[in-house]
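# Take this sequence and fold it.
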Amino acid sequence: MNIIAALLIFTVIVVIHELGHFLLAKKHGVGVPEFSVGMGPRIITFAKTKKGPVCRFFCSQKKFDAYEDWQDVTKYSWKLLPIGGSCAMVGEDEDNDAADSFNTKGVWARFSIVFAGPFFNFILAFVFSVIILANNGIDIPRVLAAYDNQPASEAGIKKGDVIRRINGKKITIGREIDTYLMLHPLSGEEVKVEIERDGKEKTIMVDPNYTAYLFGFSYKQQNTADTKISDVSKDSPFQKAGVKILSVNGRTVDNGEELGKVMEEEKKEGEAISFVIRRGSEEKTYEIAPKSYKTKTLGIYASDYQKGNAGQILQYSLIEVKYWIETTVASLGQLVTGKMSMKEVSGPVGIV
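The predicted structure is shown next:
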């Protein structure tokens, strides 16, 4: 089902792209013999001829070329395979001096026809952003968690602060923080974080060097998440993900934020901590000694989705499109410089 959905989405993206070429070609008088949705054999082909509308089913290429009454009109086809679409233009791939040929049009006309395809994809991205933000809310870079004893909280950043800049980089949506840190890994030097608190801006210098204590599992550290283990290391006593932690050293934990806080308070290097977990209907107790691990982090989670008004949704939809363009360009730059592996790049097949 996911593959079918992905193919349909891919088809929508391509058809919108081709629609851009089609509309500008028509505007500049370029002939379009056929505009099609999908690939492969034609299922339905429609054309508006001098004799009136004509509709053909399962029209072969031979018959398609043979019908004299629709040679100079645009045919609209729905094809069998939902993998894209096409906009065939006169003179697009061949030398043709006809008045309606692509090659006989001026430079700006040809440029606008070619540019219209990707431009329509930007419009589609904006429309999708409006729909998503209207339903899911705007991603405000407000700190929802400044983890105890980690660099940000130690430096003075608090829950509720809004991150405005990191090392001079303007932050408008929460996900920009993770993206910036991915593209600009922490070096160990102090990080300049500009925040807004109670309507006033403040600059805080954060030392990102941090010693973490690993227990061999991971979980979501938000107060809206339960204490279920999302991933485990190979040597984890829990053996597999999916178990739920009930208590740590006898202290009951109800959500991910509480779990992280209690583990932070109870940890002592070299000393085991008692975890009571539930796997299915069975409860078990495990003794796990944490392992120290030096790392670099800010230690915050700042992505607060909130409903916005119409003006905010339109504004942040433009910001979303800008964010993805900048992220794509920056990622390609890291690919060229060798900072990103080819394994991290995927085309349509990989996406599906």
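# check contacts around the residue sitting furthest away from the middle of the chain.
Centroid-distance maximum for the chain: K51 at 48.8 Å, with Cα atoms, centre = their mean. Applying Cβ atoms under 8 Å, 6 or more residues apart in numbering, we find K51 in contact with D69. Backbone N, C-alpha and C define where each C-beta goes, glycine included.
# ok, it to T74 distance?
15 Å (Cβ to Cβ, to the nearest Å).
# pLDDT score for the residue farthest from the centre of the chain?
Looking at K51, its pLDDT reads 83.
# Counting residues, which helix of the protein comes out longest?
With DSSP state H setting the assignment, residue counts place helix 107-136 as the longest helix in the chain.
# Tell me which helix or strand comes right after that one.
strand 138-140 (DSSP states H and E).
# List the neighbouring strands of that following strand plus their orientation.
strand 304-306 (antiparallel) (DSSP bridges).
# How far off centre is the partner strand?
Relative to its chain's centre, strand 304-306 lies at 17 Å (Cα atoms, centre = their mean, to the nearest Å).
# Now do the residue farthest from the centre of the chain against T45, distance only.
Distance, K51 to T45, by Cβ to Cβ: 16 Å.
# Pretty sure D231 sits against K220.
No: counting by Cβ atoms under 8 Å, D231 stays clear of K220, with 10.6 Å between them.
# When the two are compared, which one has more neighbours?
K220 (18 against 11; other Cβ atoms under 10 Å).
# my guess is the more buried one meets G256, correct?
Yes: in this structure K220 lies within contact range of G256 using Cβ under 8 Å: 4.6 Å.
# how close does V162 get to D198?
In this view, V162 and D198 are 10 Å apart by Cβ to Cβ.
# Which of these two has more residues huddled nearby?
Using other Cβ under 10 Å as the criterion, V162 and D198 rank with V162 on top: 18 against 7.
# The more buried one bridge partners, please.
Using DSSP bridges, the beta-bridge partners of V162 come out as R142, E196.
# How about the contacts made by it?
By Cβ under 8 Å, 6+ apart, V162 lies in contact with 140-143, 195-197, 302.
# can you check E190 too?
By Cβ under 8 Å, 6+ apart, E190 lies in contact with 205-208.
# if we take those residues, which one ends up nearest to G117?
For the contacts of E190, the minimum distance to G117 (Cβ to Cβ) is 43.2 Å, reached by P208.
# Tell me, how many residues neighbour the closest one?
A count of nearby residues for P208, using other Cβ under 10 Å, gives 21.
# show me what contacts it?
By Cβ under 8 Å, 6+ apart, P208 lies in contact with 151, 186, 188-191, 296-298.
# Show me just the buried residues among the contacts of V162.
140-143, 195, 302 (16 or more other Cβ atoms under 10 Å).
# Identify the farthest-apart pair in those residues.
Across those (Cβ to Cβ), the longest gap, 12.8 Å, separates I140 and I195.
# Show residues contacting the longest strand belonging to the chain.
Across the chain, the longest stretch assigned as strand under DSSP state E is strand 34-49. Strand 34-49 has contacts (Cβ under 8 Å, 6+ apart) with 11, 15, 18, 22, 53-60, 64, 69-70, 73-88.
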